[in-house]
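> Here is my input; please provide its structure:
(chains A and B)
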Amino acid sequence: MKEIVLSAKKLCKSFAANGVQNHVLTDLDLDVFKGDFTVVMGASGSGKSTLLYALSGMDRATSGEVIYNGRDLVKLSEKELTLLRRKDFAFVFQKMHLVSNMTMFENVVVPAYLDKSVPAAETDKKADELFEQMGISEIKTHLPSQCSGGEQQRCAIIRAVIGQPCVLFADEPTGALNRRNTIEVLDLLTKLNHNGQSVFMVTHDVRAAIRATRLIYIEDGTVSGEMTMPAFEPEKEQSRETQINSWLSSMKW
Amino acid sequence: MRSVLSLVKNNIRYKTGAFKSVIILMAIIVFSYSCSVSNSKNLDEYLNKSLDHYSVGDLVMTFKGSEIPQRVIDGLSSNKNVSSYRADDMLYVAMECFANGKEQDFETRLIKQKNEIKVFKDSEDEFYDQPPELSEGEVYISYCFHKLYNIQQGDKLEIQTSPKTRETFTIKGYVEDPIYGTSLVAYENFYIHQNDWERISDGIKNGSVNENYIYNTKMLHIFKSGDIKDFKLVKQLNDECGLVDESMLYVTRSELESYTELYADVGTSLLYAFVGLLAVVIGLMMLNSINSTVEMQYVDLGILKSQGFTVWQIRLSYLIQYVIALVVGTVLGLIISVPVLKVMGKLFMTVTGIWTDCSIDFLSNIIIALIIIAVFVVFIFFATRKLARISPVNALNNAHKDVHFTGRLNVPMKQGSLSFTMSLRALTSGLRHYIFVFLITVLLMFFMVTIFNLTNGIDFGEMFGYNWSDISAKLFNEFEQDDMRNMRNKLTELDPKAEVDFVAYTDNILADDVLYGSTATDNLERYYKPIRGKLAEYDNEVVVTKIVARELEKDVGDTITVSNSGNKQEYTIVGVIQSTSQAGRLFCMTLDGAKKIGIRPFLSNIYIDNKDNAENIANALNKDLGDKLFAKVSNKTTVYESTEDLVNMFLVIIIAIVVGVSAVFLLVAVSLLCKVTFLRERTDIGIFKATGFTTGNLRAQFSIRFLIIGILGCLVGTVIAIAATNPLLSLLMSIVGMTDFMHSLTVIEVLVPAAVICACFAGFSYMSSKRIKSVQTTELICE
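Down below sits the predicted model:
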């Protein structure tokens, strides 16, 4: 039995536009399990990103519950949500979003410094190790503008995982990358997942989706399909892609 | 053109650039100069009207006695540069008067009531067409006298007519007195009933009124014909008929105007300096705003170019946008100045005694505004030249990246001082974005320190020529060298450590044929400090002010010929001093030197060891030497206190205006910069929020960033102030004779404005940074 880290119950999210309510998520129920590499797919406007906001506490659901550690994220204050993002959740964005006037290294350690319980020296040491592991230690002192998209995204991933978050949320992390960089980033996420990191990723890209251990398909604001898969093995990449394509076809992708 | 106007409309609608800020700042500029220009113009206009109403001559001479010397009359009649002259009878009161029992330390003239005098109605906002007739025992006093010393209708005014007798008058009302009505002249004219006047005059003749206390004088008004300069006519008349030599006091109409308008002129000079500073600030703000807009709208501007807009059309849209802001600001400033000018006019009336209609001079102000706008138009064209460099291809390909990053210093990020180091990094990585607000801070700090320096650096006693002896004695005309010796001996008996200075002062003495005031005393050290050279020690030496030296084109070592009542002597200038007496048109010499040209001391200042014994000593002097002098214990009289209060009130108003306007400026500047910074850093804020920074953390960083700018600006402003404040103030205050303003800045004078500026920076930026709350981390996610 897998441990549930996040649980959405009867989750609804609607937006008002020109006086008309637009229901993006409707009574959505979903559990996120520890150690899973969960990938959410769906057509544009199906509510994937909205689900990511709601589950990660970036945005509040209109109704329903998002339970994390026994607490409903919907009811948390802005400050409590900020602290959650500081310690428990982490994010990787499509556009990397590194602060342009900080070096790659500073982009990683500065948010980590916020956790006063960890001494700066320990954070720096850990960041050094991660840069080494990710193979980008030579660009530590570079500014983001001096690095490639892949390097920037790897830096963003280091920033996300340095605090050992419970869940790593990724929103189209390879959307802005070329093929080579995409593979590098996906390998990295897969490696992190193999080491026990829970990953919750939204993507359109089947090549990214093949890294999943669990696939969720969203349609009209609710979960319309789900598929579990074994952990990713590079040699089975082709067959996983075929399997997912077939599953997506059945979901009318 | 329609396309350009559409651009302008959208820019304004979507608050692109510093539209609102420029409106506010322009309104402040227009408001500041509009008030000062209109107030000065009103004062000048109404003062001249009043001087005309009272038929005040171009030269106003006072002669002792009830007749003007015949040779003067003959000289005036025969001089072709004199169109006419008129003489008024006056009683000159040499002793202090008392209002409601309180001593008033100025000299007064009693004048018979005339129909021309302008008497205020009870509203104090208009005059009687026909002034109400005075009854015997009633007196009209000047408006300033009434306002400054809070003397009301029905109060009692007493004039000392002999050591033991006083004439008492009841105050009936207040008049506008353009001659000596201003609070800056230590004379007062009192209008009394003809019978009272004649009774006192008869008393002088029959001896019931002591002539040392009150004597007859004639005030002669001389009207020029042609364009001859005052000093040339005076010299001509003195050569021909001894006009100056025969007179006891002399003043020109233009000097009367200068004295009355002194406060307005000083205030206006300061305000002009401030307006200049504000104009520079607006220019910087527009430059910064245009730069930021170009950076942030790089893609949009590229699109516009790709759609066929020329650089000139885009520049024109900016120009029109800012010109609209400047015009709106001008209109707003003019509207605000209407009620403020009313208040300002009332305030100045307290000092000048001249009623004005407090109207705005729209034409002049609009012309000035148009000049300012024209300068800014050139400035905007210069500032928008970088638009030509925008490439549509680059813009559309988003090739213009990291617009807000220009460089950085390697300040390491520290966990313990994360907010500070992040703030510092934000600053150092975008220095050019903060330069304009830094420059504003430097300028404001400099100006504020200058104003604080001015208010603390003015020695009120020195400025108005007060020197507080323990006892002062007025010396009667017969006071001779022997009397001086007797007085010293008597004083030594009464107090062996007593010191006495004899002082002579005259305000109509010719030096190289130019009229000046002069002071002579046997102890110049007590009253003056030489700026250059030394003080006069011998009877052939004089010291002059810088203004006199400049006017006479003389310097230390040169000689001048001084003439008084026909006696001429050559003196060597041995030093340069500073004095606000006679607005700096003054020279000083020793008592022996003065004696050579017939000037005798009329006052003595006595300094004693035991201050408690002052009353006894004064009484003893009056008892033994009462026929030669009148001694009294010196105290800070109502006049001194009221004038000091008045000056202090003006200084406080100036400080309040400068601090208040500076705070508004900082608010506008900081808000604008915060807005631009916020828009530029919106994504970074989102990133920080997504990585665990709270809104509080980020707002604190914003404040710290501006606080750092504030501190740095204050430091540089202080350095500039140390170097430039005294020369600047010397320049501004030279109008009142303070040619060498010397005051060392104190820690408080630096810390107070610095604290105000830094608090404004931190507070305003914290308030402006509330926009950070609105940034959602969801903005980082691409749909």
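> what about B:L729, how many neighbours?
By the criterion of other Cβ atoms under 10 Å in any protein chain shown, B:L729 has 22 neighbours. All C-beta atoms are positioned from the backbone trio N, CA, C, and that covers glycine.
> contacting residues for it?
Residues near B:L729 by Cβ atoms under 8 Å, 6 or more residues apart in numbering or on different chains: B:450, B:453-454, B:457, B:738, B:741.
> Excluding residues flanking it in the chain, which one is nearest the closest residue to chain B within chain A?
As assessed by Cβ to the nearest Cβ, chain B sits closest to A:R86 within chain A, at 2.7 Å. Nearest non-adjacent residue to A:R86, counting by Cβ to Cβ, 6 or more residues apart in numbering or on different chains: B:G692, 2.7 Å away.
> Just to be sure, that neighbour is in a helix?
No: counting by DSSP: H, G, I helix; E, B strand; the rest coil, B:G692 is not part of a helix but coil.
> State the distance from the residue nearest to B:L679 when sequence neighbours are not counted to chain A.
Spatial nearest neighbour of B:L679, chain neighbours left out: B:M296 (5.9 Å); criterion: Cβ to Cβ, 6+ apart. Applying Cβ to the nearest Cβ, to the nearest Å, the value for B:M296 to chain A is 14 Å.
> Could you do B:Q415 as well?
Using Cβ to the nearest Cβ, B:Q415 is found at 4 Å from chain A.
> Can you tell me the SS state at that residue?
When classified by three-state DSSP, B:Q415 comes out as coil.
> Local confidence estimate at it?
Confidence at B:Q415, expressed as pLDDT, is 82.
> what about it, neighbour count?
Neighbour count of B:Q415, defined by other Cβ under 10 Å: 19.
> That one: what's it in contact with?
A:113, A:116, A:119-120, A:123.
> Kindly list the main-chain dihedrals of the residue nearest to A:R86?
The phi and psi values for B:G692, taken as degrees, to the nearest 10, are phi 110, psi 0.
> Could you verify that A:L177 is part of a helix?
No: with three-state DSSP as the criterion, A:L177 is located in coil rather than a helix.
> What residue, apart from its backbone neighbours, is nearest it spatially?
A:L177 sits nearest to A:G149 (Cβ to Cβ, 6+ apart), 5.1 Å away.
> thinking again about what came up before, pretty sure the residue of chain A closest to chain B is touching B:T691, no?
Yes: counting by Cβ atoms under 8 Å, A:R86 does reach B:T691; the two are 7.4 Å apart.
> quick one, which of these two is more surrounded?
B:T691 (25 against 20).
> check contacts around the closest residue to the more buried one other than its chain neighbours.
Leaving out its chain neighbours, the residue that sits closest to B:T691 by Cβ to Cβ, 6+ apart is A:P111, at 3.6 Å. Going by Cβ under 8 Å, 6+ apart, A:P111 touches A:86, A:159, A:163, B:688, B:691-693.
> So what's the predicted local confidence for B:K546?
At B:K546, the pLDDT value in this model is 88.
> Was I right to think it contacts B:G533?
No: in this structure, B:K546 is not within contact of B:G533 by Cβ under 8 Å, at 11.7 Å.
> list the contacts for B:E107?
With Cβ under 8 Å, 6+ apart, B:E107 has these contacts: B:92-94, B:186-188.
> That should have said B:L237, apologies.
By Cβ under 8 Å, 6+ apart, the residues touching B:L237 are B:72, B:75-76, B:79, B:82, B:222, B:243-244.
> mind exporting the host helix or strand of it as PDB, just the C-alpha atoms?
Per DSSP states H and E, B:L237 falls inside helix B:230-241. Extracted in PDB, the C-alpha atoms of helix B:230-241 (Å, rounded to 0.1, in the frame of the first residue of the first chain):
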ATOM      1  CA  ASP B 230      19.400 108.700  -6.600                       C
ATOM      2  CA  PHE B 231      22.900 108.700  -5.400                       C
ATOM      3  CA  LYS B 232      24.000 111.200  -8.200                       C
ATOM      4  CA  LEU B 233      21.200 113.600  -7.300                       C
ATOM      5  CA  VAL B 234      22.100 113.300  -3.600                       C
ATOM      6  CA  LYS B 235      25.700 114.100  -4.300                       C
ATOM      7  CA  GLN B 236      24.700 116.900  -6.600                       C
ATOM      8  CA  LEU B 237      22.400 118.400  -4.000                       C
ATOM      9  CA  ASN B 238      24.900 117.900  -1.200                       C
ATOM     10  CA  ASP B 239      27.600 119.700  -3.200                       C
ATOM     11  CA  GLU B 240      25.200 122.500  -4.100                       C
ATOM     12  CA  CYS B 241      23.300 123.000  -0.800                       C
END
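> Quick one: the helices in the stretch 151-253 of chain A, in order.
Using DSSP state H, counting those that start in this stretch, the helices of the stretch 151-253 of chain A run over A:179-194, A:206-209, A:237-250.
> Distance check, A:R85 against B:L732.
A:R85 sits 58 Å away from B:L732, going by Cβ to Cβ, to the nearest Å.
> more crowded one of those two?
Neighbours per residue, other Cβ under 10 Å: of A:R85 and B:L732, the larger number sits with A:R85, 25 against 19.
> Please report how far that one lies from A:G196.
Noted for A:R85: a distance of 20 Å to A:G196, by Cβ to Cβ.
> could you pull out the helices for the stretch 451-600 of chain B?
Secondary structure of the stretch 451-600 of chain B (DSSP H, counting those that start in this stretch): helices at B:460-463, B:481-494, B:546-552, B:591-595.
> likewise the stretch 651-783 of chain B?
Using DSSP H, counting those that start in this stretch, helices in the stretch 651-783 of chain B cover B:682-690, B:695-733, B:747-768.
> Could you dump the ones you listed into TSV with mean pLDDT added?
Converted to TSV, the helices of the stretch 651-783 of chain B look like this (pLDDT from 0 to 100):
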stretch	mean pLDDT
helix B:682-690	88
helix B:695-733	89
helix B:747-768	89
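> Run a quick neighbour tally on the residue nearest to B:G329 when sequence neighbours are not counted.
Closest residue to B:G329 apart from its sequence neighbours, by Cβ to Cβ, 6+ apart: B:M26 at 2.6 Å. B:M26: 27 surrounding residues under other Cβ under 10 Å.
> List the beta-bridge partners for B:E103.
Beta-bridge partners of B:E103, counted by DSSP bridges, are B:F98.
> roughly how far apart are it and B:N567?
According to Cβ to Cβ, B:E103 stands 35 Å off from B:N567.
> what touches both of A:R86 and B:T691?
In contact with both A:R86 and B:T691: A:111, A:114, using Cβ under 8 Å, 6+ apart.
> related to what we said a few turns ago, can you say which of the helices of the stretch 151-253 of chain A is packed in most?
Most buried of the helices of the stretch 151-253 of chain A, by mean neighbour count (mean count of other Cβ atoms under 10 Å in any protein chain shown): helix A:206-209, with a mean of 20.
> B:Y149 touches B:Q104, doesn't it?
Yes: assessed by Cβ under 8 Å, B:Y149 is found in contact with B:Q104 at 7.0 Å.
> shaky segments in chain A?
Counting by pLDDT under 70, chain A contains no low-confidence range.
> Around chain B, pick out the residues from the stretch 101-250 of chain A.
Within the stretch 101-250 of chain A, the residues that sit near chain B (Cβ under 8 Å from any Cβ of the partner chain) are A:101-102, A:106, A:109-111, A:113-116, A:119-120, A:123, A:143, A:145, A:159, A:163, A:171-172, A:175.
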